[in-house]
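1. no sequence on this one, just coordinates:
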């Protein structure tokens, strides 16, 4: 019965269109067979394209691929359905990002595409709309860069776009549907196809207006996905700048959204060029901030920094530290697959180096590790009664979730309250007070409730010395003082995710208390 309630508490946040398309696609694909072959007529002239940002090196000769920090060599023919390492790995194999790595030659790339086409009838994950979307862009960029004219390749690519057109990810929405739209725009320009174009601009206008918040953040609130979407947005601007087919206001619209996203990225990027690894952010996946700002410069795009607002994130900078914190709701409510149970989480850099960090993610598989990495205790916040603030489950699901019920802020302080533990009649308030060389964090809980609370502070793996002296913790030159009704202060170990399938040992401070904990970090 509890599983049923969990499912119902998740479904209630979905939009009607998501439920409709889940049912529609299920019935249609199960009971009705459809052919997506459509004869391509006329000559296809490659687009004008030159790479500004190259893909990560993921392919070497002799059929060796590396995705998510896992190598796989195919001794004979490439198995494009190879799923031994999980769905995300085989997805990456089918994205064909490697076509646009710096070392890829025209001959080698064409050979890989033709090898893929030989398996076209037996493809599984590769025929899903998201891989088609990313692969379509990568094939078009590669074919255009090398001026490849191959009717067989074009015909298969065109058929794949027919599949995408009839299987758009309205059941998921969010970044998936937006990537569908971006890819259809590339397909429209490549094939000079008005049907692709009209569907593309309908998706792009609607989704960007919804997905780019007023402060410039992507609404899924993952800085990594913000970088990914911004990169694709810049590519679309690059496409329209260099290829004149349609004369409308789309380019102006794309530039305005890119400028907003650039401004937000500038605000949240740390002085060393890294981003906060919050929600589903992982190292080594997206183009980094420096590359994206360089891309914008090449495109002659300008931007201005605003202030962080409706994303729920804030960032404070002093001469000695950079503090990034979260006082927002899980977002968006209907597409929370990349959200974590991390309300009031924060990340702290000291003198340009990471000090207190988010644990990050090392897997997308629906297993116990992903459950742990999404849970409250993997973030720098407070857990009550060993229960998550928000019900993260099944890899990419969230049931009942913590909501912000009050917030007040000034130039150097912010205080907020969330209701993630309302079933226990407990409400958590956290206040940050920022001074030039110190930060005070005050956690308070209402009422007389004696449920045990645990605050977590995840230290970066580079921090190897940590001494507990009563209620004082010494870490190199940094002093952390704890006050309140403290039960215990313990030093534990945790696994810091330095990439997919890659972890490092690091130190975790765990403070047990009842109603009040005051943490003062002196730098």
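-> Done, it's in. Remember, predicted model here, so these are calculated numbers, not experimental data.

2. List the buried residues for stretch 160-175?
-> By 16 or more other CB atoms under 10 Å, the buried positions in stretch 160-175 come out as 160-162, 164-165, 167-175. (C-beta placed from N, C-alpha, C; glycine too.)

3. And the next helix or strand past the host helix or strand of residue 493?
-> Per DSSP states H and E, residue 493 falls inside strand 478-499. Per DSSP H and E, the first helix or strand lying C-terminal to strand 478-499 is strand 502-522.

4. List the contacts of stretch 66-86.
-> Stretch 66-86 has contacts (CB atoms under 8 Å, 6 or more residues apart in numbering) with 57-60, 62-65, 88-90, 92-94, 112, 115-116, 119, 122-126, 284, 363-365, 499-502.

5. ends of it, how far apart?
-> Terminal residues of stretch 66-86 lie 14 Å apart, using CA to CA, to the nearest Å.

6. Give me the distance from that stretch to the chain's centre.
-> Centroid separation for stretch 66-86 versus its chain: 23 Å, with CA atoms, centre = their mean, to the nearest Å.

7. And the average pLDDT for that stretch is what?
-> Mean pLDDT, computed over stretch 66-86, is 96.

8. Give me the buried stretch members for it, please.
-> 66-68, 72, 78, 80, 85-86.

9. and what of stretch 274-291?
-> 274-283, 285-289, 291.

10. Partner strands of the strand holding residue 493, with direction?
-> strand 472-475 (antiparallel), strand 502-522 (antiparallel) (DSSP bridges).

11. quick one: which of these is nearest residue 27?
-> strand 502-522 (41.1 Å; CB to CB).

12. For the closest one, could you pull out the residues that count as buried?
-> 502-503, 506-511, 513-515, 517-521.

13. Check which helix or strand residue 291 maps to.
-> According to DSSP H and E, residue 291 maps onto helix 289-298.

14. Please apply the same query to residue 176.
-> Short version, using DSSP H and E: residue 176 is in helix 174-191.

15. which residues touch residue 324?
-> Counted by CB under 8 Å, 6+ apart, residue 324 has contacts 268, 270, 276, 278, 313-315, 346-348.

16. Now, of the residues you listed, which are buried?
-> Among the contacts of residue 324, the ones that count as buried (16+ other CB under 10 Å) are 268, 270, 276, 278, 313-315, 346-348.

17. which one of those residues is nearest residue 437?
-> residue 348 (12.8 Å).

18. The closest one in helix, strand or coil?
-> At residue 348, secondary structure determined by DSSP: H, G, I helix; E, B strand; the rest coil is strand.

19. cool, and residue 383?
-> Quick answer, by three-state DSSP: residue 383 is strand.

20. Tell me, how many residues neighbour it?
-> Residues lying near residue 383 (other CB atoms under 10 Å) number 23.

21. now do residue 390
-> For residue 390, using other CB under 10 Å, the count is 24.

22. and the gap between it and residue 233?
-> Per CB to CB, to the nearest Å, residue 390 is found 29 Å from residue 233.

23. give me every residue that touches the residue nearest to residue 510 when sequence neighbours are not counted.
-> Leaving aside its sequence neighbours, residue 510 sits nearest to residue 490 (CB to CB, 6 or more residues apart in numbering; 4.8 Å). Shown in contact with residue 490 (CB under 8 Å, 6+ apart): 468, 509-512.

24. Put the buried members of the contacts of stretch 66-86 into a PyMOL selection.
-> This is how PyMOL selects the buried members of the contacts of stretch 66-86, with burial counted by 16+ other CB under 10 Å:
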select buried, resi 58+59+63+65+88+89+90+92+93+94+112+116+123+125+126+363+364+499+500+501+502
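
25. check contacts around the nearest residue to residue 277 once chain neighbours are set aside.
-> Closest residue to residue 277 apart from its sequence neighbours, by CB to CB, 6+ apart: residue 360 at 4.2 Å. Residue 360 is in contact with 277, 281-283, 373, 496-498, counting by CB under 8 Å, 6+ apart.
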